[in-house]
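Undergrad: Next comes the sequence, and after it the predicted model I'd like to discuss.
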Amino acid sequence: MSAFLKRSKLRIGTRGSPLALAQTAAVCQLLCEAVGFVTSDIAVKIIKTTGDQIQDRPLADVGGKGLFTKEIEIALSAGEIDVAVHSAKDMPTALPDGLSISAYLEREDPRDVLVSKDMILADLPRGASLGTASLRRAAQVRRLRPDIDVRPLRGNVHTRLRKVDCGEIDATILGMAGLKRLGLNTSAMQALSTDEFLPAVGQGAIAIQARESDQKTHELLTSINHAPTAIAVTAERAFLTVLEGSCRTPIAGHAVVSGTGIEFRGILLLPDGTEAYETRRSGPASDAAILGADAGAELKGRASADMMTQAG
């Protein structure tokens, strides 16, 4: 085992969905490659979260963000695990005291994709049913196609794909990153350009969390951190923080790092897609958090009272 750690195993906590386990496997592989771990040096602990347990109603009705991270973070704070692996887009902007994000893996394709039997979004017939659990995706679909019947749809990736395949719904929207990690990217009928369909903050990125007091583990995770992804997600989360976003708020934000520069675009929408405010920022990557927060402050100042009521 690497000299980084003196304990018998590195204990990693994760959700038990196929996608969460695939993401955790990617973390384990990188640790083995970076610091000489072998499989027996790592113990993966599956933790069921509130979001996993609630399948009969929209998550926005039961607390918004944090429903897929809370129980894992509780285990991390209690010392039951050493590392938590999350989809970055599931993480609230305010982290529990004593915990921090130590690393991000290199971001996978952040785009959303339309899944249907044989049509792209523009060709779906009027009144076609599109299922999604995301208010952000629903709002952007309604903005582009107000004639489509957008319906709540919960379940993991495989469940949602089956519902399209069996004709229960005509289409759904999923993240390309998740499909790729599961080897299901051929299910995508249409990749939606970020120019017209902005991703969620953190979409496509895997965030790795540890206790701030556990310096050995923090150093270990730093060895697999992908700096451009960390910088981009820092800008996005700063934007979200200012807007106080939750699962009740259709907010999208995406940053791209190129060399020493960063470009950011954000949007705030009403759930029905009838009102939207957009902004862009560019500057040095070292100012990622400042640029993201400034973009958020601009939209907060421009948005209507109704929209900010949604965001509060």
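TA: All right, it came through fine.
Undergrad: and the residue nearest the centre of the chain, how far is that from residue 118?
TA: Centroid-nearest residue in the chain: residue 89, 2.0 Å away (criterion: Cα atoms, centre = their mean). Separation of residue 89 from residue 118 (Cβ to Cβ, to the nearest Å): 29 Å. All C-beta spots, glycine's among them, are computed from the backbone N, C-alpha and C.
Undergrad: Same check on residue 173?
TA: Taking Cβ to Cβ, one finds residue 173 at 16 Å from residue 118.
Undergrad: any idea which element residue 113 lies in?
TA: Assigned by DSSP states H and E, residue 113 belongs to strand 112-116.
Undergrad: would you put the C-alpha positions of that strand in PDB?
TA: Extracted in PDB, the C-alpha atoms of strand 112-116 (Å, rounded to 0.1, in the frame of the first residue of the first chain):
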ATOM      1  CA  ASP A 112     -27.600  16.800 -22.100                       C
ATOM      2  CA  VAL A 113     -29.000  14.300 -24.600                       C
ATOM      3  CA  LEU A 114     -32.400  13.600 -25.900                       C
ATOM      4  CA  VAL A 115     -33.400   9.900 -25.800                       C
ATOM      5  CA  SER A 116     -36.300   8.900 -28.000                       C
END
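Undergrad: now for that strand, which elements pack on it?
TA: On a contact count with 3 or more Cβ pairs under 8 Å, 6 or more residues apart in numbering; DSSP states H and E, strand 112-116 meets helix 157-165, strand 171-175, helix 176-181, strand 190-192.
Undergrad: got the buried residues for the shortest one?
TA: Right, strand 190-192. 190, 192 (16 or more other Cβ atoms under 10 Å).
Undergrad: Check which helices and strands that strand sits against.
TA: Using 3+ Cβ pairs under 8 Å, 6+ apart: strand 190-192 touches strand 112-116.
Undergrad: Rounded mean pLDDT for the strand it packs on, please.
TA: Mean pLDDT, computed over strand 112-116, is 97.
Undergrad: Adjacent strands (with direction) for that strand?
TA: The strands beside strand 112-116 in its sheet (DSSP bridges) come out as strand 171-175 (antiparallel), strand 190-192 (antiparallel).
Undergrad: Point out the one among those that comes closest to residue 108.
TA: strand 171-175 (8.5 Å; Cβ to Cβ).
Undergrad: Name the residues that touch that closest one?
TA: 110-116, 119, 121, 124, 128-132, 134, 137, 141, 153, 157, 160-161, 163-164, 187-189, 192, 199, 203-204 (Cβ atoms under 8 Å, 6 or more residues apart in numbering).
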